[in-house]
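Undergrad: pasting the sequence and the predicted coordinates here, then a few questions.
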Amino acid sequence: MAGSRRRRTSGPRRWAWWLLGTAAAVVVLAVGGTFLYIHLISGPTPAPLSLKPTSGSSSPSSAGDSAATSAGGTWKIATGSVVGYRVKEVLFGQNHVAVGRTSTITGHLTISGGTVTAAAFTVQMATIKSDESERDVQFRGRIMDTAAYPTGTLTLTKPIALGTLPAVGMVKAYTAVADLTLHGHTRPVTFALSAERTPGGIEVSGSIPVLFSNWDIPNPSFTGFVTTQNHGVLEFLLKFARS
C-alpha cells in the first residue's frame, strides 16, 4: 500500500520538475538567443550622427576670406542627409539601443547678413527604418501612426546669429530654437547643433531630446518582450548645397 502511494505521487512530481526544467530552458534560450542576436547577428549599434572632418580641413582658409562672405543665400537639402531616432531598450533583459534612420528629407535654410533667418525641414516618417522589421511595423503603426501623420517637421522660430563665419573645414557650435511637429503635435524645442562649411556646401549635425508624452507618442515598450525608456533622441546630419 505504502509503495503504491509512492509510485502514484512520483508521477506528478516528475511532471512538475519537467515543467520547471522546460520553463528554465525557454528562459535561457530566450535570453541567450537575444544576446547572440544583439551582439553577434544584428551587428554593432550605429554611432550617433555627427560631422566628419573634411578632407584638407587641417589647413582651413581664413575666416574672413571671400568664401565666407559668399555663404549668404538659400541652401537646400543635399544627398547624404540623414535623420533618425535613437532609443534605449531592454530586450529580454539585454540592454540595446534601437536606431532608425531615413534619407527621405526635404528642406532649406536661408542665410542673410551672417544670420540664419529661416529654415524648415520635412521627413517622410514611414521611410524611417531600423535593423528589425518588426520594430518598424510597430513604429509605423501603433507608435507613430504614419498613415494618419505621414510627416515630421522642424521649423526654425528664432534667427541664428552666426557671428564670424567659420572657415572651410572648421566646426562651430550654435543653439537653435524651433517648432518640432511629430505625431500631429507641435512643440517648441531648443537644442545645440554643430555646423561646418565644406568645399561643396554646409553640413549641420545635432540631436533633440524627445519626451514621448509631450507629443502624445505611445511608449514603444511591447509588454513582455521589449521595454524602452519614456524618451528618445531625434538625431540629424544635414548636408546643404546651393539652391
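TA: Sure, I can see it.
Undergrad: domain map for this protein?
TA: Per automatic domain parsing, the structural domains of the chain span 1-43, 49-242.
Undergrad: check those for me and report the most buried one.
TA: When those are scored by mean count of other Cβ atoms under 10 Å, the highest mean neighbour count falls to domain 49-242 (a mean of 16). No exception for glycine: its C-beta is placed from N, CA and C like everyone else's.
Undergrad: quick check: mean pLDDT across that domain?
TA: For domain 49-242, mean pLDDT is 88.
Undergrad: specify the beta-bridge partners of the most centrally placed residue in the chain.
TA: With distances taken as Cα atoms, centre = their mean, residue 85 lies nearest the centre of the chain, 1.6 Å away. Note on residue 85: beta-bridge partners by DSSP bridges are residue 100, residue 234.
Undergrad: next one: residue 175
TA: residue 192.
Undergrad: show me what contacts it?
TA: 160, 190-193 (Cβ atoms under 8 Å, 6 or more residues apart in numbering).
Undergrad: how near is it to residue 134?
TA: 38 Å (Cβ to Cβ, to the nearest Å).
Undergrad: now swap in residue 118 and tell me
TA: Residue 118 sits 39 Å away from residue 134, going by Cβ to Cβ.
Undergrad: ditto for residue 141
TA: 11 Å.
Undergrad: from residue 104, how far off is the closest residue to residue 140 other than its chain neighbours?
TA: In this structure, residue 140 finds its nearest non-sequential neighbour in residue 146, 4.7 Å apart by Cβ to Cβ, 6 or more residues apart in numbering. When distance is defined by Cβ to Cβ, residue 146 is 12 Å away from residue 104.
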